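Q: Any chance you could fold what I've pasted below:
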Amino acid sequence: MQRYAELAANWGLEQAAEQPACSRQRAHAAVAAYRNSAAALTKSRQTRATNWPAAVTARVRALGMPNARFVVAVEPAAAACRTRTCDDLVRFDFSANPGQPPRAAGESRVRRQLSRVSLALQ
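A: Below you'll find the predicted structure:
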């Protein structure tokens, strides 16, 4: 019963924990529907993560950074980090120099180059 209470609380179905099997079935159905939607969203993000970065990289290179690389990483979120709306971690990585691996856009070294990336995205 405690597991159903946790599921119910996580997915906004608080009443399901207090009601009999019918509510449990609804809670399970809601979680299954969420998982299906989340899987479709993950697939869509992964598809875009392979196509979109090439266009951004080309635009950044045209702005005077010939060795730039822009990468989008879509990774599964740890169970503790999952929310009602997201099962993925989406990270933007960037490198402006040859031989340097792309790093998370939030790192201070990368932030200096982000104004050009911002121009490319606009």
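Q: Show me the shaky parts of this protein.
A: 1-22, 79-81, 83-85, 108-112, 116, 119-122 (pLDDT under 70).
Q: Now do the helices in this protein.
A: Under the criterion DSSP state H, the chain contains helices at 2-10, 21-62, 108-111, 114-121.
Q: now Ser23: how far from Asn36?
A: Per C-beta to C-beta, to the nearest Å, Ser23 is found 20 Å from Asn36. All C-beta atoms are positioned from the backbone trio N, CA, C, and that covers glycine.
Q: Likewise for Cys86?
A: 15 Å.
Q: What of Arg24?
A: Noted for Arg24: a distance of 19 Å to Asn36, by C-beta to C-beta.
Q: More neighbours: which of the two?
A: Arg24 (18 against 10; other C-beta atoms under 10 Å).
Q: For the nearest residue to Gln46 once chain neighbours are set aside, which residues count as its bridge partners?
A: Computed as C-beta to C-beta, 6 or more residues apart in numbering, the closest residue to Gln46 that is not its neighbour in sequence is Val74, at 5.1 Å. Counting by DSSP bridges, Val74 forms beta bridges with Val90.
Q: What count of nearby residues applies to Val74?
A: There are 18 residues near Val74, going by other C-beta under 10 Å.
Q: So Pro102 sits against Phe94, correct?
A: Yes. Using C-beta atoms under 8 Å, Pro102 makes contact with Phe94 at a distance of 5.6 Å.
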